[in-house]
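K.L.:
Predicted structure and sequence below. I'll ask about it afterward.
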Amino acid sequence: MVSISQNLQAVRQRIDAAAASALRAPQSVSLLAVSKTFGADAVIAAAQAGQRAFGENYLQEALDKMAAVRAAHPGLLLEWHFIGPIQSNKTRPIAENFDWVHSVDREKIAQRLNDQRPADLPPLNVCLQVNISGEDSKSGAAPGDVPELARRISVMPRLRLRGLMTIPEPADDPQEQRVPLRRLRELQTLLQDQGLNLDTLSMGMSSDLEAAVAEGATIVRIGTAIFGHRHYAT
Ligand SMILES: *Cc1c(COP(=O)(O)O)cnc(C)c1O
């Protein structure tokens, strides 16, 4: 059986190879292990193989998992990233328990996270989620709304706006995959030209990792290629 540790190594090799073909430093791309639907044991196995940053989509599942990991390994220092849709009545536990939030897509959510971030923690790292493919069903801010939204979030003192995140419409062809990812990078460049200090492009999943690294991703969010296929409870 292939192990989480071997999968992590294979993913890291894919990142390094993609970075090399794009003439980028391999360390300029960091790996977020998306552990949603997998248990604390899977997180611990990945952590023992050197992985530190974990992404979660469902709040209660994430809080239970964090508690279980802490109980089993009190000294283990992990970084937790919230990457799922955010309901406004769930912002407090997110502000209290996560290091990063990738899925901020409206001012109201940002304001609540800012107001609820505990004073004894560093500012919460956030990315603005952008609906770059313009699909009706997807969450994310419309590209045209992003400059104004980014300006408003960038002055919130308990948040640190790091950059942009997207989940593009799935495509099989690698060249086709690159089109929306390039648009996200161009949007980030526009914001940087307007004076915003952004260092993060959160894009790329198991099936478009190479395209994302080629287009400048600094965080790739990988689930299936590390932990295997997800089985959702019915
Ligand atoms: C589930 C998920 C991922 C990981 O997707 P894989 O295809 O399993 O690598 C990445 N980003 C977000 C926002 C997700 O919800």
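P.N.:
Great, that's in hand. Quantities reported herein were computed from a predicted structural model and do not represent experimental measurements.
K.L.:
Quick check: buried residues in the one helix or strand residue 153 maps to?
P.N.:
Element membership for residue 153 (DSSP states H and E) is helix 146-154. Across helix 146-154, burial judged by 16 or more other CB atoms under 10 Å covers 146, 149-150, 153-154. For every residue, glycine as well, the C-beta is placed using N, CA and C.
K.L.:
can you check stretch 18-29 too?
P.N.:
18-19, 22, 24, 29.
K.L.:
Find the nearest non-adjacent residue to residue 142, please.
P.N.:
Spatial nearest neighbour of residue 142, chain neighbours left out: residue 131 (6.1 Å); criterion: CB to CB, 6 or more residues apart in numbering.
K.L.:
neighbours around that neighbour, how many?
P.N.:
Here the count is done by other CB atoms under 10 Å, and residue 131 has 22 residues near it.
K.L.:
repeat for residue 52
P.N.:
Around residue 52 there are 14 residues (other CB under 10 Å).
K.L.:
same check, this time on residue 38
P.N.:
Neighbours around residue 38, by other CB under 10 Å: 23.
K.L.:
Next one: it from residue 49, what distance?
P.N.:
Distance, residue 38 to residue 49, using CB to CB, to the nearest Å: 14 Å.
K.L.:
Please apply the same query to residue 2.
P.N.:
13 Å.
K.L.:
the more surrounded of these two?
P.N.:
Neighbour totals were compared for residue 2 and residue 49, and residue 49 leads with 17 against 8 (other CB under 10 Å).
K.L.:
longest helix of this structure?
P.N.:
helix 174-193 (DSSP state H).
K.L.:
mind listing what residue 150 touches?
P.N.:
Contacts for residue 150 (CB atoms under 8 Å, 6 or more residues apart in numbering) come out as 128, 161, 191, 196, 198.
K.L.:
how about the residues of the chain that lie near the ligand?
P.N.:
34, 36, 57, 83, 167, 205-207, 221-225 (CB under 6 Å from any ligand atom).
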